[in-house]
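*Asks:* Below is the structure, and that's it, no one-letter string:
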C-alpha cells in the first residue's frame, strides 16, 4: 500500500436499532427477563446470547438484521463493481455521474491511483479538453456524442460517492468473505467495520 494514494473514504452517518434488536433476540425463548442491557451498554448475558446465535449461523442471528447502519462511501468504480454483488440487506443511493460530471474539470483527487500514474494524468487531460468542447458547442447531437465519449473514457479508478444502508448481518457477511482480499480497498472496509459500535457482532470476536 506504500505506493498507492487511497481515495476510498467511509463516513458513518447513523447506527440504530440495538435496543430493539436485542429485545427481539429473546423472543423465541420468552427470555426478556434475562436481558441485562442498559442504555448505551450491552450486558454480558445479552452479549453471550448474541455471540452464541451468531456462531450458530446467520439464520439464527436474525437480530443482526435489525441493526442498521447508514454510511457515505467514496470509492473507485472497480471496487463498487465487487461491492454490488452484495444485495441482501444492502441499499444504495449514488451521486449521479450523468448529472454532475460536467460541472468542473477533473483532478487526480477524483481517482484512486498509484502515486506516479502518468497514464491517468493523460486521461484526465483528454477528458477535461472534451468537457471544454462540450461546453463550447451548441449542437445538441455533438454534445451527446462528446458526453458519450467522456463516459466511455472514464477509468475504473474514478471515485464515486454513494450513501449506503446496511444491516449488521450484511456487514458481518461481507467482513468475513473479504478478509485477506488482495484488493487493498477491502482492507479499508474491514477497518471501517471495526470502528462501528459493538463491532464484535461483526468480527465474531469472543465467539
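*Replies:* Received the coordinates, thanks. Computed from a predicted structure; not experimentally measured.
*Asks:* Can you report how many residues neighbour residue 95?
*Replies:* Other residues near residue 95 come to 14 when the count uses other Cβ atoms under 10 Å. For every residue, glycine as well, the C-beta is placed using N, CA and C.
*Asks:* burial of the closest residue in space to it that isn't next to it in sequence, as a residue count?
*Replies:* Leaving aside its sequence neighbours, residue 95 sits nearest to residue 161 (Cβ to Cβ, 6 or more residues apart in numbering; 4.6 Å). Neighbouring residues of residue 161 were enumerated by other Cβ under 10 Å; the total is 14.
*Asks:* secondary structure class for residue 161?
*Replies:* Under DSSP: H, G, I helix; E, B strand; the rest coil, the three-state class of residue 161 is strand.
*Asks:* And for the one 3 residues further on?
*Replies:* Following three-state DSSP, we place residue 164 in the strand state.
*Asks:* hang on, it packs against residue 75?
*Replies:* No - in terms of Cβ atoms under 8 Å, residue 164 does not count as a neighbour of residue 75; the distance is 10.0 Å.
*Asks:* all strands of this structure, in order?
*Replies:* All strands of the chain, identified by DSSP state E, fall at 4-5, 9-16, 68-76, 90-94, 113-114, 159-167.
*Asks:* worst average pLDDT in these?
*Replies:* Mean pLDDT is lowest for strand 4-5 among those, at a mean of 50.
*Asks:* Looking at the chain, which helix is longest?
*Replies:* When the chain is parsed with DSSP state H, its longest helix is helix 118-136.
*Asks:* Now do the buried residues in that helix.
*Replies:* Residues of helix 118-136 classed as buried under the neighbour-count rule (16 or more other Cβ atoms under 10 Å) are 120, 123, 124, 127, 130, 131, 134.
*Asks:* for the record, mean pLDDT for that helix?
*Replies:* Average pLDDT, helix 118-136: 92.
*Asks:* and what of stretch 30-49?
*Replies:* Taken as a whole, stretch 30-49 has an average pLDDT of 94.
*Asks:* ok now it, how far from the chain's centre?
*Replies:* The gap between where stretch 30-49 is centred and where its chain is centred comes out at 30 Å by Cα atoms, centre = their mean, to the nearest Å.
*Asks:* And the contacts of it?
*Replies:* 18, 19, 22, 23, 25, 26, 50, 198, 200, 206 (Cβ atoms under 8 Å, 6 or more residues apart in numbering).
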